[in-house]
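>>> The following comprises the amino acid sequence and a computationally predicted model.
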Amino acid sequence: MSQLLYLSPGKREQTKAANRLAILDAAREVFGELGFEAATVRDIIRRTGLSVGAFYNYYRSKEEVFDALADDGARRFRPILHALSARASDFESYLRAAVRAYFDFLAGEQESWMVRASAGQPLPHARNTPEILAVFEEVRTVFADVMDRGLAPKVDLDYLAASCIAVAREIGDKMMEREGADVDAAAEFVVRLILGGVSALPRTRP
């Protein structure tokens, strides 16, 4: 019988929260060092000091652990996005600020994950966790507001929010694969692509 049964309700919740945190912290290190594909649940467990049974009380797979990490990242990024939405004056200014903030956040996350896996091994995209869906709704709400104020053409909101998020996510992933992430260049690329299409992008040298 689990020792959690002998703890008071308050202590039990504290222990569960500490165990989840230990698993997530260990997973960041393992995914960063080995890459997601090579990492195993056993690699994560070894870093936690928990038993195999204790791990499976919280997560059923490394994919579930990754989703929890992504959810945590989205939860921490959403207040940043919300603060930008409060200052949004038009579509372009919000888009530029939001993309730049996202790329800055990605660069900070890379440091906390201690990524040492070789280039070309991007982390997978998480499924639609509650916090990731909340980020989508935050972006969609701002786009709706700027359209209602006549500051952007009225187009399909769901498609617009989804496409902007997808472009930023994919370019962000590619940015992080490169040696020395150039946040400014990556953010400018995304903004120009969304606003003007390929014809608006800066030309590269032959």
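Looks like it arrived, so ask away. Residues are numbered from 1 along each chain as shown.
>>> Could I get the contacting residues of the nearest residue to R140 once chain neighbours are set aside?
Spatial nearest neighbour of R140, chain neighbours left out: A161 (4.2 Å); criterion: CB to CB, 6 or more residues apart in numbering. The way it works is simple: take the backbone N, C-alpha and C, and place the C-beta from them, glycine included. Counting by CB atoms under 8 Å, 6 or more residues apart in numbering, A161 touches F136, V139, R140, F143.
>>> likewise D184?
Going by CB under 8 Å, 6+ apart, D184 touches R100.
>>> where does it land on pLDDT?
The confidence metric pLDDT takes the value 95 at D184.
>>> what's the answer for F143, then?
F143 is given a pLDDT of 91.
>>> wait, it sits on L151?
No: the pair F143 / L151 is not scored as a contact, 10.1 Å apart, by CB atoms under 8 Å.
>>> Distance-wise, check D148 relative to T141.
11 Å (CB to CB, to the nearest Å).
>>> re the thing from before, dump the contacts of A161 into TSV; add secondary structure, distance to D90 and neighbour count as well.
TSV is the format used below for the contacts of A161 (DSSP: H, G, I helix; E, B strand; the rest coil; distance: CB to CB, whole Å; neighbours: other CB atoms under 10 Å):
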residue	secondary structure	distance to D90	neighbour count
F136	helix	21	15
V139	helix	15	22
R140	helix	17	17
F143	helix	11	22
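>>> V167: which of the residues you listed is nearest?
V139 (12.0 Å; CB to CB).
>>> before we move on, back to that, between D148 and T141, which has more neighbouring residues?
T141 (13 against 10; other CB atoms under 10 Å).
>>> where's that one, which helix or strand?
helix 130-148 (DSSP states H and E).
>>> Now do that helix: distance to the chain's middle.
Taking CA atoms, centre = their mean, to the nearest Å, the mean C-alpha location of helix 130-148 is offset from the chain mean by 16 Å.
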